[in-house]
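[1] Predicted model and sequence below, questions to follow.
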Amino acid sequence: MRDKVPVNVEVSAPAAQLGRYAAWPSEETRMRMLAFMLVVASSFPQLAHAQESTCLSDPPTVRELVKHYSDRTGTKFVLNPRVSGSVDLMGIDVENIDYPTLVGVFNVHALSAVELEGVIYVMPEPMVPLFIERAKNSSE
């Protein structure tokens with residue numbers, strides 16, 4: 001004799017051959033479960049934030065670090081194509097990095113940051129005098 005299946009459970013033909021443990025929840029039950037999972041997931045925004053930070057490689061590159069800082073603070077950057085290299089951060093949380101620490105990373109990589117009209121230009125140190133000269137000439 002076949003066991004009775006709960007009212008809110010659909011049984012497909014192949015599942016019926018396997019017995020009572022092969023029953024699937026109804027569409028309504030699956031939707032309720034999905035809604036419950038979404039409510040629970042939205043209750044923990046720090047989980048979404050933790051996934052955000054994992055997009056950085058380990059160790060992060062200078063470019064990734066600047067992009068992450070820019071996204072977090074809204075600061076505008078222009079990076080010279082020669083800006084590269086990985087950053088080994090010891091005891092520094094990437095999520096809480098501040099601008100002086102970022103400038104320190106630039107200095108370690110022989111880079112300079114020049115702010116001009118609200119935009120920070122990052123370039124190798126030898127290029128700074130030429131950049132400043134061109135900026136003065138273009139403003140005149």
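    In hand now; what should we look at?

[2] Now the element after the helix or strand of the chain with the lowest mean pLDDT, going C-ward?
    For the chain, scoring each helix and strand by mean pLDDT, DSSP states H and E identifies helix 45-53 as the least confident one, at a mean of 50. As assigned by DSSP states H and E, the chain's next helix or strand after helix 45-53 is helix 62-73.

[3] Mind jotting down where the strands sit in this structure?
    Secondary structure of the chain by DSSP state E: the strands cover 9-10, 24-25, 76-79, 111-116, 119-124.

[4] and of those strands, who's closest to N137?
    strand 111-116 (13.0 Å; CB to CB). Backbone N, C-alpha and C define where each C-beta goes, glycine included.

[5] which residues does the nearest residue to V105 once chain neighbours are set aside contact?
    Nearest non-adjacent residue to V105, counting by CB to CB, 6 or more residues apart in numbering: V87, 5.5 Å away. By CB atoms under 8 Å, 6 or more residues apart in numbering, the contact list for V87 reads 59-62, 65, 105, 109.

[6] Make a markdown table from those and add neighbour count to it.
    Formatted as a markdown table, the contacts of V87 follow (neighbours: other CB atoms under 10 Å):
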| residue | neighbour count |
| --- | --- |
| P59 | 13 |
| P60 | 21 |
| T61 | 15 |
| V62 | 20 |
| L65 | 21 |
| V105 | 21 |
| H109 | 17 |
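
[7] how distant is the helix ranked longest in the chain from the center of its chain?
    Using DSSP state H, we find that the single longest helix of the chain is helix 27-42. With CA atoms, centre = their mean, to the nearest Å as the basis, helix 27-42 stands 25 Å off its chain's centre.

[8] can you check stretch 63-79 too?
    In this view, stretch 63-79 has its centroid 12 Å away from the chain centroid, taken as CA atoms, centre = their mean.

[9] Now that stretch: average pLDDT?
    For stretch 63-79, the mean per-residue pLDDT is 94.

[10] I'm done for today, thanks for sticking with me.
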